[in-house]
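Visitor: I'd like to go over a predicted model; first the sequence, then the structure.
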Amino acid sequence: MNDDLHRILIKGGVTSPGELKDIIGLLEAAGLNEVYFGSRQDLLFPLKGVEEGQLERISKFNTNIITYRAYQNIVSSYVSADIFDMTHWLKGSTYLYILEGFDFLPKLKINITDPKQRLVPLFSGNLNFIASENEDYWYLNVKLPQWEKAAYYPVLIYSWDITTICKAIEDIYEDIQDVEELFFVLNKNLDTNNKTIEKELKVPYLTFPYYEGMNRMGLDQYWLGLYWRNNRYDLSFLKEFCGFCLDNSIGKICITPWKSFVVKGIQKQSRPALERFLGQWGINVRHSQLEMNWHLPVDDNQALELKKFLVRSFDQNDISTYGLTFGISNDVGKRSHFASVIIEKNSSPTIIKDFDVRPTYNVLHFVNFDPNTQKYLAYAQDVDKIELPGLLMELSKKYFNQLGREVEVNKTPKKVEEQETKTIHQCQSCFTVYDPLYGDVTNNIPKGTTFKELPDGYTCSVCEAPKSQFEKTELNFSS
């Protein structure tokens, strides 16, 4: 996250239209016209020349602007409740009751999730509460900041003890070395209603859901998912949208970890007015899943451009990525991602920091392409940008080949030296690749057409550069 960004923590990713409208008024008073959503379901924004305390006094909801990096937002899968499959006893109201109990700002990352949904990550926190089949009881997966590996707490946690346990761990976690010590200390000092674990947690594999547009919810209600490609949410739109929700008795707005938002409980009679409202703002509510299933650093234009480049390549070559998610990272040392496939940008060697060096990337994926396995496999290392589309296309084929059956894990990363080479032509203006294997659907060029056979008037399908701007290059791809 950009160190210049301030945060407003939206507890559990759940807010009301009134509260969000109040926050928007606060941000507008600071001279802002847009806001970012964060991967922990919070709001992020720059502040320059404005005192936080002065802005906070404007808020009717006692909103706190967080500048101290140590504080963390609580993540929850309330956003998925009632619209995707759920653990039988876990209702939306349960999340709200638990979240209401948190009367302190945690420094540990806390996740409260349902294992039967895929929209919100289960294991991206330090304290991961995961619903069990026993009503009102949760598994606790622990990975404190100083621990190398995660471990499960030896008993199930009662719903109404979650806040108490989190608060107790906050006070002692820096001195705790393992989960056995943690259990001993808490069991000695707290009177909690624990339950014996009868069976280990088994998280089912679920494909990533399409969560945008207007969708039916029960018999006479709908839910709406909205997504912005660049994660820059216009405050004037959000303010009017909050007003619409207030006028139509819509009680909650939920932010997702994928930097989008979901509104549930839209009455059937309100749907036509909502569709008109979105149409008047020119809102597109049916992005391709090629666009939506990406996790990018906030306010990172290079990462956004790389995503656009890769999505464009997928689209041009008619590649399916259904069920897969992708993440882009600029920090090889911190792997806390929850996407199926990760593209990591390697740091430039410090010895040549004064020179402009083309970046290289590593491609990784989770075992079985399931982030809940928490185990990465390296697929390719130190590859150039133009090699990424081909590698990711091959990786998507690998995903579909193993889908639905057990996969033998190959722990040996593929290396560039083990890759085959073929000749392609690349636009020198925008780096779009012309590959005879795929042709160019946009320009009606059939598959199998060599670059030499392209008409003299051929132009790049992306930037419209002439044929003369393409240069021959060698492309490495996985064998």
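Guide: Everything's here; your move.
Visitor: Can you tell me the element Leu392 falls in?
Guide: Assigned by DSSP states H and E, Leu392 belongs to helix 388-402.
Visitor: and that helix, what other elements does it pack with?
Guide: Contacts defined by 3 or more CB pairs under 8 Å, 6 or more residues apart in numbering; DSSP states H and E place helix 388-402 against helix 301-316, strand 341-345, strand 361-366, strand 376-383, strand 470-477. Every residue, glycine included, has its C-beta placed from N, CA and C.
Visitor: Dump the ones you listed into TSV; add mean pLDDT, mean neighbour count and distance to Glu34 as well.
Guide: Output for the helices and strands packed on helix 388-402, formatted as TSV (pLDDT from 0 to 100; neighbours: other CB atoms under 10 Å; distance: least, CB to CB, whole Å):
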stretch	mean pLDDT	mean neighbour count	distance to Glu34
helix 301-316	92	17	14
strand 341-345	93	23	25
strand 361-366	93	22	29
strand 376-383	90	19	34
strand 470-477	68	15	37
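Visitor: Switch the ones you listed over to CSV; also include distance to Tyr158.
Guide: Listed next are those as CSV, based on distance: least, CB to CB, whole Å:
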stretch, distance to Tyr158
helix 301-316, 41
strand 341-345, 36
strand 361-366, 31
strand 376-383, 34
strand 470-477, 53
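Visitor: so which of the ones you listed comes closest to Asn134?
Guide: Closest to Asn134 of the helices and strands packed on helix 388-402, according to CB to CB: strand 361-366, at 27.9 Å.
Visitor: Check which helices and strands that closest one sits against.
Guide: With contacts taken as 3+ CB pairs under 8 Å, 6+ apart, strand 361-366 sits against strand 341-345, strand 376-383, helix 388-402.
Visitor: between the longest one and strand 361-366, what angle do the directions make?
Guide: Read that as helix 388-402. Put simply, helix 388-402 runs at 10 degrees to strand 361-366, going by axes from the mean of the first three to the mean of the last three CA atoms, to 10 degrees.
Visitor: Off-centre distance for helix 388-402?
Guide: Distance of helix 388-402 from the chain centroid (CA atoms, centre = their mean, to the nearest Å) equals 20 Å.
Visitor: Tell me which residues of it come out buried.
Guide: Neighbour counts over helix 388-402 (16 or more other CB atoms under 10 Å) mark 388-396, 399 as buried.
Visitor: wait, isn't Tyr434 in contact with Phe451?
Guide: Yes: Tyr434 is within contact range of Phe451, at 6.0 Å (criterion: CB atoms under 8 Å).
Visitor: what separates stretch 391-405 from the chain centre, distance-wise?
Guide: With CA atoms, centre = their mean, you get 21 Å for stretch 391-405.
Visitor: what does that stretch rub up against?
Guide: 310, 313-314, 317, 319-321, 323-324, 326, 340-341, 343, 363, 365, 368-369, 379-380, 383, 477-478 (CB atoms under 8 Å, 6 or more residues apart in numbering).
Visitor: same deal with stretch 287-303?
Guide: Applying CB under 8 Å, 6+ apart, the set of residues contacting stretch 287-303 from outside is 1-2, 5, 36, 38-39, 44, 208, 210-212, 227, 229, 231, 257-260, 304, 307, 311, 314-315, 321-322, 324-330, 337-339, 345.
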